[in-house]
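Novice: 3D model of this:
(one chain, ligands or ions: 1)
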Amino acid sequence: MLMFAASAVLRASPGGFSFCYRSAAGLRAMSDLAAGKKAAAVKAVNDWVKDKQKIGIGSGSTIVFAVERLAERVKAENMNVVCVPTSFQARQLIIQHGLQLSDLENHPQLDVAIDGADEVDPQLTLIKGGGGCQTQEKVVAASANTFVVIADDSKQSTYLGEKWHKGLPIEVLPFAYKPVQLKLEAMGGSAELRIAKQKAGPVITDNGNLILDWKFIAEKGKNWLQLSSRIRASQALWKRDCLWEWQKWHTLVVLMVLSRLCRVIDVHCRYINFSSHLLYEFNTFSFFAHSMGISPILICAATTWH
Ligand SMILES: O=C(CO)[C@H](O)[C@H](O)COP(=O)(O)O
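Specialist: Residues are numbered from 1 along each chain as shown. Purely as a prediction, here's the structure:
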């Protein structure tokens, strides 16, 4: 019955959120995963974007749907929003969709940032950086009052590493990759230099750095808060004076969409009140929400089918 409903119309609350797929055929034509990505992205833009806002635009494949929906709304509602990209890809998306491009120099304080994730555990601890853009993503997200994470349900797991096997992406300065690699491996697993696919040699990030994908030992009950501070601490050995103060997020929202049914399965808001640090140069950015001192106040928004 749900399958039938899914192929007809999807509506969800709160805040008058509502979207629909025009036809069952249209939905079938889209792969399950893409449908999930799109549903989460559309909901994020419908529910969390308002006129006159400054918006951080994440990177990856899910954000493409969010930018498409944003461009639709800007046109239909004559909205005036400014977009700050998290990567070369995001910048191109903003330009291609005729949205107003800006940067943190002009708009250092953002209302909302929207971005994808590679894996999300039940505590909303996230792995990000599959697309290698985690440094700018982290800085942009940290500049926003509200951070909205959009993902299809393939990203949802009971513990980190259960589904995401490509490792925890860690951006390092090129000259420091070896010692950081050894330090990570001393904590277990292997830390592999990410190698480019259509170019000889390593992937070079938008910031000119390298990426180590740390294939940590995935296990239930891993203390990511502790581990994250160990990573930061070990990296701090290399440069102690480059700690970067986090801004305060008012809200972290994670939207997950059950791909097959195109049903929003999770809408969580966590109010965050913290002051944590990011070691900028050795950006460990794997987006450990926990390590940033999130206080777990949870609001679940029910979604309904019609
Ligand atoms: O962190 C990211 C890029 O650095 C992406 O947000 C993450 O990899 C998810 O990508 P996708 O939406 O393609 O699944």
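Novice: I figured T158 hits K220, correct?
Specialist: Yes: counting by CB atoms under 8 Å, T158 touches K220, with 6.9 Å between them. C-betas here are computed from N, CA, C, even on glycine.
Novice: wait, doesn't E119 sit right on L126?
Specialist: Yes: between E119 and L126 there is a contact under CB under 8 Å: 7.0 Å.
Novice: return every residue with contacts to both of those two.
Specialist: The contact sets of E119 and L126 do not overlap (CB atoms under 8 Å, 6 or more residues apart in numbering).
Novice: so which residues make contact with the host helix or strand of A90?
Specialist: A90 belongs to helix 88-96 when assigned by DSSP states H and E. Under the contact criterion CB under 8 Å, 6+ apart, helix 88-96 has outside partners 57-60, 63-64, 67, 83, 85, 100-101, 131, 133, 206.
Novice: how about that helix against the ligand, any contact?
Specialist: No: counting by CB under 6 Å from any ligand atom, the ligand is not contacted by helix 88-96; separation bottoms out at 8.6 Å.
Novice: just stretch 112-123 next, same as before
Specialist: Yes: shown here: stretch 112-123 in contact with the ligand (CB under 6 Å from any ligand atom) through D115, G116, A117, D118.
Novice: in that stretch, what counts as buried?
Specialist: V112, A113, I114, D115, G116, A117, D118, E119, V120, D121, Q123 (16 or more other CB atoms under 10 Å).
Novice: can you pull out the low-pLDDT segments for the stretch 201-306 of the chain?
Specialist: Where the stretch 201-306 of the chain drops to pLDDT under 70, the residues are 225-306.
Novice: write out the residues of this structure neighbouring the ligand.
Specialist: Applying CB under 6 Å from any ligand atom, one finds that the chain approaches the ligand through 58-62, 115-118, 128-134, 137.
Novice: quick one: which of those residues sit in strands?
Specialist: Judged by DSSP state E, the subset of those located in strands is D115.
Novice: which of the residues of the chain next to the ligand count as buried?
Specialist: Applying 16+ other CB under 10 Å to the residues of the chain next to the ligand flags 58-60, 62, 115-118, 128-134, 137 as buried.
Novice: which one of the residues you listed is nearest L184?
Specialist: For those, the residue nearest L184 by CB to CB is G129; the value is 13.9 Å.
Novice: ok, and the closest non-adjacent residue to that closest one?
Specialist: P169 (3.0 Å; CB to CB, 6 or more residues apart in numbering).
Novice: isn't that neighbour up against L126?
Specialist: No: counting by CB under 8 Å, P169 stays clear of L126, with 11.6 Å between them.
Novice: okay, now G161: neighbour count?
Specialist: When neighbours are defined as other CB atoms under 10 Å, G161 has 21 of them.
Novice: spatially nearest residue to it, not counting backbone neighbours?
Specialist: Using CB to CB, 6+ apart, the closest residue to G161 is A218 (2.5 Å).
Novice: and that neighbour, how far from E119?
Specialist: 10 Å (CB to CB, to the nearest Å).
Novice: find residues that contact each of these two.
Specialist: Joint contacts of A218 and E119 (CB under 8 Å, 6+ apart) are L160, G161, E162.
Novice: pLDDT score for T158?
Specialist: At T158, the model reports a pLDDT of 90.
Novice: mind checking the SS state of it?
Specialist: At T158, secondary structure determined by DSSP: H, G, I helix; E, B strand; the rest coil is coil.
Novice: picking up where we left off before, list just the nearest of the residues of stretch 112-123 next to the ligand to the ligand.
Specialist: Taking CB to the nearest ligand atom as the measure, the ligand lies nearest G116 of those, at 3.1 Å.
Novice: contact partners for the closest residue in space to H97 that isn't next to it in sequence?
Specialist: Distances taken as CB to CB, 6+ apart put A71 closest to H97, at 3.9 Å, once the chain neighbours are dropped. By CB under 8 Å, 6+ apart, the residues touching A71 are H97, G98, L99.
Novice: from the ligand, how far out is the second one?
Specialist: What it means is G98. Per CB to the nearest ligand atom, to the nearest Å, G98 is found 22 Å from the ligand.
Novice: separation between that residue and K163?
Specialist: G98 sits 36 Å away from K163, taking CB to CB as the criterion.
Novice: check the last one too.
Specialist: For L99, the distance to K163 under the criterion CB to CB works out to 32 Å.
Novice: neighbour-wise, which of the two wins?
Specialist: Comparing L99 with K163 by other CB under 10 Å, the one with more neighbours is L99, at 20 against 17.
Novice: burial of G221, as a residue count?
Specialist: Residues contacting G221 under the criterion other CB under 10 Å number 5.
Novice: and G98, by the same measure?
Specialist: G98 has 10 neighbours, counted by other CB under 10 Å.
Novice: oh, and call the first residue 726 from now on, that's how I've got it
Specialist: Noted, 726 is the first residue going forward, which turns the last one into G823.
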